[in-house]
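Visitor: Let's see this in three dimensions:
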Amino acid sequence: MLHRRRFLQASLLGAAALPALSSVLAAGETPATKPFSLKFAPHPDMFKNSVGKAVLDQIRFAHDQGFTAWEDNGMRKRSPEEQEAIGKLLSSLGMTMGVFVATADFDNPVFAGNKLNRGARDRDPAAVRAFLKREMEDTVATAKRCGARWVTVVPGTFDPNLQPEYQTASVVEHLKECAAVLEPAGVVMVLEPLNYMDHPGLYLQRSAHAFQLCRMVGSPSCKILFDIYHQQITEGNLINNMSAAWDEIAYLQIGDVPGRKEPTTGEINYRRVFAWIKERGFSGVLGMEHGNHGPGREGEQALISAYRSVDPA
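Guide: Down below sits the predicted model:
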């Protein structure tokens, strides 16, 4: 467990009173006076030095610092019981559950080339359809338990042995099939373009391409995850590109460049970017999908301070 402030009054209050004490007293920090104006969403282990490894304690700590959302890419790997516990805690705290990964392949042309293994001799659309159906059905069950609305989809790699037009047709068809499972449950898959430096060879890299796919699929359950870190590397011109794709953007993620750490540690003018996002009336989640610039508790407090400095309150 993470270190917590010693409760000096414990001897007077007694053990029965301890649950009523706010976890905001963790790590000797005082509670935030108000929530952030945007739904910034930390993720597991971002505050592990302040309150320990237990994810529920980390969520409580994040809430006490003013964060109103939470993100957990690996949610599907947790037990159903833990998924439910996370969902109940978030609901009780009035926090929004952000994305977890529904399906993501960084090595194989799953959507584009109909291959679950790039070394396979033949393409197997039926096997891919069956695989994706299982992925989406498990995703719906997980989303129901933890209270998630958005889930991340990375369609896999580009297929160098297939003309791009055939790949696009295949990707759109598979996305439609995924949407057919997700839409009745009110779950939205968000397609994440990833940058070519960290993830070379992926099928989806640019926000305009994601926009095109969403329009071709034509489902409210197929939208864009615009990761500001990835798109700063891939295309830059952030506000103009977000504006052009805005009608299909359902989710945002954060990370500064270079380094993929919190805002103010790199080149992106996050104060202006966040102000523009707020001006657009964005009410969704902004996932903090980055590392901590500094080590230990001090680094975690510096991260919180950085977000306070750029929050368009």
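
Visitor: Could you measure from the spatially closest residue to residue 175 that is not a sequence neighbour over to residue 283?
Guide: Leaving out its chain neighbours, the residue that sits closest to residue 175 by CB to CB, 6 or more residues apart in numbering is residue 217, at 4.7 Å. Bear in mind the C-beta positions are built from the backbone N, C-alpha and C, glycine included. In this structure, residue 217 and residue 283 are 23 Å apart, going by CB to CB, to the nearest Å.

Visitor: Comparing those two, which residue is more hemmed in?
Guide: A direct count of neighbours by other CB atoms under 10 Å for residue 217 and residue 283 places residue 217 higher, at 23 against 9.

Visitor: May I ask you to confirm that the more buried one is in contact with residue 174?
Guide: No: with contact taken as CB atoms under 8 Å, residue 217 and residue 174 are classed as non-touching, separated by 9.6 Å.

Visitor: which residues in the stretch 201-313 of the chain form strands?
Guide: For the stretch 201-313 of the chain, strands defined by DSSP state E, counting those that start in this stretch occupy the ranges 222-227, 249-253, 285-287.

Visitor: Other residues contacting the first one?
Guide: For strand 222-227, the external contacting residues (CB atoms under 8 Å, 6 or more residues apart in numbering) are 99, 150, 152, 175, 178-179, 188-194, 207, 210-211, 213-214, 242, 245, 248-255, 289.

Visitor: on that earlier part again, out of the strands of the stretch 201-313 of the chain, which gets nearest to residue 47?
Guide: Evaluated over the strands of the stretch 201-313 of the chain, closeness to residue 47 peaks at strand 285-287, with 15.0 Å, by CB to CB.

Visitor: looking just at contacts, which helices and strands does the closest one meet?
Guide: Counting contacts by 3 or more CB pairs under 8 Å, 6 or more residues apart in numbering; DSSP states H and E, the secondary-structure elements packed against strand 285-287 are strand 39-41, strand 69-70, strand 249-253.

Visitor: The second one: how far from the chain's middle?
Guide: The chain centre lies 9 Å from the centre of strand 69-70; the measure is CA atoms, centre = their mean, to the nearest Å.

Visitor: Which neighbouring elements make contact with that strand?
Guide: When contacts are defined as 3+ CB pairs under 8 Å, 6+ apart, strand 69-70 sits against strand 39-41, strand 96-97, strand 285-287.

Visitor: Tabulate those strands in a markdown table, adding columns for mean pLDDT and mean neighbour count.
Guide: Supplementary listing: these in a markdown table, determined by pLDDT from 0 to 100; neighbours: other CB atoms under 10 Å:
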| stretch | mean pLDDT | mean neighbour count |
| --- | --- | --- |
| strand 39-41 | 98 | 25 |
| strand 96-97 | 98 | 22 |
| strand 285-287 | 98 | 25 |
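
Visitor: what's the distance between residue 185 and residue 276?
Guide: As it turns out, when the distance is counted by CB to CB, residue 185 lies 32 Å from residue 276.

Visitor: And for residue 246?
Guide: From residue 246 to residue 276 the distance is 11 Å (CB to CB).

Visitor: next one: residue 65
Guide: When distance is defined by CB to CB, residue 65 is 24 Å away from residue 276.

Visitor: So between these two, which is more surrounded?
Guide: Taking other CB under 10 Å, residue 65 and residue 276 do not tie; residue 65 has more neighbours (25 against 16).

Visitor: And the helices in the stretch 151-300 of the chain, which stretches?
Guide: For the stretch 151-300 of the chain, helices defined by DSSP state H, counting those that start in this stretch occupy the ranges 164-182, 207-217, 228-234, 238-245, 270-279, 296-310.

Visitor: Put the alpha carbons of the lengthiest helix in the chain into PDB.
Guide: Within the chain, and with DSSP state H defining each element, the longest helix by residue count is helix 125-146. This file holds the C-alpha atoms of helix 125-146, laid out as PDB (Å, rounded to 0.1, in the frame of the first residue of the first chain):
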ATOM      1  CA  PRO A 125     -11.800 -13.100 -43.300                       C
ATOM      2  CA  ALA A 126     -14.100 -15.600 -41.400                       C
ATOM      3  CA  ALA A 127     -11.500 -16.100 -38.700                       C
ATOM      4  CA  VAL A 128     -11.000 -12.400 -38.300                       C
ATOM      5  CA  ARG A 129     -14.800 -11.800 -38.100                       C
ATOM      6  CA  ALA A 130     -15.100 -14.500 -35.400                       C
ATOM      7  CA  PHE A 131     -12.200 -13.000 -33.500                       C
ATOM      8  CA  LEU A 132     -13.500  -9.500 -33.600                       C
ATOM      9  CA  LYS A 133     -17.000 -10.600 -32.600                       C
ATOM     10  CA  ARG A 134     -15.600 -12.300 -29.500                       C
ATOM     11  CA  GLU A 135     -13.500  -9.200 -28.700                       C
ATOM     12  CA  MET A 136     -16.500  -6.900 -29.000                       C
ATOM     13  CA  GLU A 137     -18.800  -9.200 -27.000                       C
ATOM     14  CA  ASP A 138     -16.200  -9.300 -24.100                       C
ATOM     15  CA  THR A 139     -15.800  -5.600 -24.500                       C
ATOM     16  CA  VAL A 140     -19.500  -4.900 -24.000                       C
ATOM     17  CA  ALA A 141     -19.600  -7.100 -20.900                       C
ATOM     18  CA  THR A 142     -16.500  -5.300 -19.400                       C
ATOM     19  CA  ALA A 143     -17.900  -1.900 -20.200                       C
ATOM     20  CA  LYS A 144     -21.200  -2.800 -18.400                       C
ATOM     21  CA  ARG A 145     -19.300  -3.800 -15.300                       C
ATOM     22  CA  CYS A 146     -17.000  -0.800 -15.100                       C
END
